[in-house]
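Enquirer: Sequence and computational prediction follow.
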Amino acid sequence: MKRSFVFAVVAAALTGCAGGPVTVEKAMGLCARGASAVEVTANGSIARLLGNSSSGTGTHEGFVLHSNTFMIHVEDNTTITGQIPLSKGETVSLQGQYECNDGVIHWTHHDPRGRHMSGFIEAGGKIYR
């Protein structure tokens, strides 16, 4: 019984579920220890806008987020959030899922199917979900 409990706690920590979202830096460490995806929060300024792209899951807009300690690619599903009026140099805060396999933050919006923790992007005094 104790062994199962310990395993569950370790598994939750590796996926970022224990205690909610973590920093991007902590997520990178969890990925190095075997996690596949980690819920994160981040803030910084937009270093570069990457434009729109379409996939089987909708239209996405991408940007590179720059903080004091990292630069990271973020993708937002505009089919869900609507187009977010972003500009280079703008300060944003966000919550999403850092995918260890591609190093991109996804799920910066609610999940219509309820499988993921709801994310968001806060920009220009408005929150996009």
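Expert: Yep, it's here.
Enquirer: Next, the spatially most central residue of the chain: phi, psi?
Expert: In the chain, the residue lying closest to the centroid (Cα atoms, centre = their mean) is G96, at 2.6 Å. The phi/psi pair for G96 (degrees, to the nearest 10) reads phi -170, psi -160.
Enquirer: ok, now R115?
Expert: When quoted as degrees, to the nearest 10, the phi and psi of R115 stand at phi -90, psi -20.
Enquirer: where do the strands sit along this structure?
Expert: For the chain, applying DSSP state E gives strands covering 22-23, 37-55, 58-66, 71-77, 91-99, 104-106, 120-123, 126-128.
Enquirer: now those strands in a markdown table, with distance to L30 and mean pLDDT?
Expert: Using the backbone N, CA and C atoms, a C-beta is placed for each residue, glycine as well. A markdown table is the format used below for the strands of the chain (distance: least, Cβ to Cβ, whole Å; pLDDT from 0 to 100):
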| stretch | distance to L30 | mean pLDDT |
| --- | --- | --- |
| strand 22-23 | 7 | 94 |
| strand 37-55 | 5 | 92 |
| strand 58-66 | 19 | 93 |
| strand 71-77 | 15 | 95 |
| strand 91-99 | 9 | 96 |
| strand 104-106 | 14 | 95 |
| strand 120-123 | 21 | 97 |
| strand 126-128 | 26 | 96 |
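Enquirer: For Q83, find the nearest of these.
Expert: The closest of those to Q83 is strand 58-66. By Cβ to Cβ, the value is 6.8 Å.
Enquirer: Quick check: buried residues in that closest one?
Expert: Burial within strand 58-66, assessed by neighbour count using 16 or more other Cβ atoms under 10 Å, is assigned to 60-61, 63-65.
Enquirer: just stretch 104-120 next, same as before
Expert: Neighbour-count burial for stretch 104-120 flags 105-110, 116-117, 119-120 (criterion: 16+ other Cβ under 10 Å).
Enquirer: And the furthest pair within the residues you listed?
Expert: I105 and H110 (15.2 Å).
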